[in-house]
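In: Pasted the sequence and its predicted model underneath.
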Amino acid sequence: MFSIPKIIRIYFLFDRTFLKELARISWEVLGLYYRNAVNKENVMPAAAASIQTFGDFLGFNPHLYIFVCDGCFGESGMFYVSSIDINAEEL
């Protein structure tokens, strides 16, 4: 889950295109992280993301839920598992 600090959530409320950019940037970060973790040439990570704009009690709380495969796919379709344990603090 990628969350946004409360102090800047107001910008996402008035310009929803920022949510699209948040999803794109999150994907770029995760993709780079997994490509480096697999340590193979010409691989592509896989993920599915869902943008949410509400939290408990239906208050405005923009965030992303991202489901990511624990590795990357090669050009031949072979799946390569990440060689390191994922550290959320690094991300």
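Out: Yep, that arrived.

In: just so I have it, where are all the strands in the protein?
Out: Using DSSP state E, the strands of the chain run over 2-3, 43-54, 60-74, 79-81.

In: Going by neighbour count, list what's buried in the third one.
Out: Right, strand 60-74. Neighbour counts using 16 or more other C-beta atoms under 10 Å place 61-64, 68, 71-73 of strand 60-74 among the buried residues. All C-beta spots, glycine's among them, are computed from the backbone N, C-alpha and C.

In: Please report the distance of Met78 from Leu19.
Out: 34 Å (C-beta to C-beta, to the nearest Å).

In: neighbour count winner among those two?
Out: Leu19 (17 against 10; other C-beta atoms under 10 Å).

In: can you pull the contacts of the more buried one?
Out: By C-beta atoms under 8 Å, 6 or more residues apart in numbering, Leu19 lies in contact with 12, 51, 53, 62.

In: Out of the residues you listed, which end up buried?
Out: Listed as buried from the contacts of Leu19 are 12, 51, 62; burial here means 16+ other C-beta under 10 Å.

In: could you redo the residues you listed as JSON lines and give each row pLDDT?
Out: JSON lines is the format used below for the buried ones among the contacts of Leu19 (pLDDT from 0 to 100):
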{"residue": "Phe12", "pLDDT": "91"}
{"residue": "Ile51", "pLDDT": "91"}
{"residue": "Pro62", "pLDDT": "90"}
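
In: Now flag whichever of those residues is closest to Asn42.
Out: Ile51 (29.5 Å; C-beta to C-beta).

In: Now for the closest one: which residues touch it?
Out: So Ile51 contacts 19-20, 22-23, 62, 64 (C-beta under 8 Å, 6+ apart).

In: And the strands of the chain: which comes nearest Trp27?
Out: Nearest of the strands of the chain (C-beta to C-beta): strand 43-54, 6.4 Å.

In: Pull out the buried residues from the closest one.
Out: Within strand 43-54, the residues that qualify as buried are 43, 45, 49, 51, counting by 16+ other C-beta under 10 Å.

In: returning to that earlier point: if we take the buried ones among the contacts of Leu19, which one ends up nearest to Asn36?
Out: The closest of these to Asn36 turns out to be Ile51 (C-beta to C-beta; 25.7 Å).

In: Since that was my last question, I'll sign off now.
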